[in-house]
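Q: kindly generate the corresponding structure for this input.
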Amino acid sequence: MEILILKTFKAVVDENGIKGAADKLHTVQSNITNRIKKLETELDTKLFILIGRKLQLTPSGQQLCEYADNILQLEYQATSAILRNKGSYDLRLVCQKHLLPFICHWHSNNLS
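A: Okay, here's the model as predicted:
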């Protein structure tokens, strides 16, 4: 199950349909439809039923919606944590004692 497909599924739910989801995700409606079909095939179940001109979640769709909320929240938290720490790392040097003053001088001039 791909994150993009879960985001697509949630967009269809949140935007009450394919057109709204396509607008929200800046893509064409056929991409939305294909992603939903792929998800339904992967899960071997229908996630939506069409009542008149409105999509409604099936019981399986309702269950997936709850999991999708949690999964997408975790994906957001993980991405945020990694990006927040991007470029933040420890550099450990091993050197001879007589080089230490030069390294400290360089550090204070270049990294402060």
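Q: in stretch 29-36, what counts as buried?
A: Buried residues in stretch 29-36, counted by 16 or more other CB atoms under 10 Å: I32, R35, I36. (C-beta placed from N, C-alpha, C; glycine too.)
Q: repeat for stretch 57-66
A: By neighbour count, and taking 16+ other CB under 10 Å as the criterion, the buried residues in stretch 57-66 are L57, G61, L64, C65.
Q: greatest separation within the residues you listed: which pair is it?
A: For the buried residues of stretch 57-66, with distances taken as CB to CB, the pair at the greatest spread is L57 and L64 (8.4 Å).
Q: per-residue pLDDT, E75?
A: The predicted local distance difference test score for E75 is 93.
Q: excluding its backbone neighbours, what's nearest it?
A: On the basis of CB to CB, 6 or more residues apart in numbering, the spatially nearest residue to E75 that is not a chain neighbour turns out to be I3, at 5.6 Å.
Q: do you know the pLDDT at that neighbour?
A: According to the model's per-residue confidence, I3 sits at a pLDDT of 94.
Q: and what of the one 10 residues further on?
A: Per-residue pLDDT puts V13 at 96.
Q: wait, a strand at it?
A: No - using DSSP: H, G, I helix; E, B strand; the rest coil, the assignment for V13 is helix, not a strand.
Q: on the three-state scheme, the closest residue to it other than its chain neighbours is what?
A: With sequence-adjacent residues excluded and distances taken as CB to CB, 6+ apart, V13 is closest to C65, at 5.7 Å. Each residue gets one of three states, and C65 gets helix by three-state DSSP.
Q: looking at it, C65 is touching Q56, isn't it?
A: No - between C65 and Q56 no contact is recorded; they are 11.8 Å apart, counting by CB atoms under 8 Å.
Q: okay, the buried residues of stretch 57-66 in TSV with pLDDT and distance to T41 next?
A: Formatted as TSV, these follow (pLDDT from 0 to 100; distance: CB to CB, whole Å):
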residue	pLDDT	distance to T41
L57	96	17
G61	97	14
L64	96	14
C65	96	18
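Q: which of these lies closest to A11?
A: For A11, the closest of the buried residues of stretch 57-66 turns out to be C65, at 11.6 Å, with distances computed as CB to CB.
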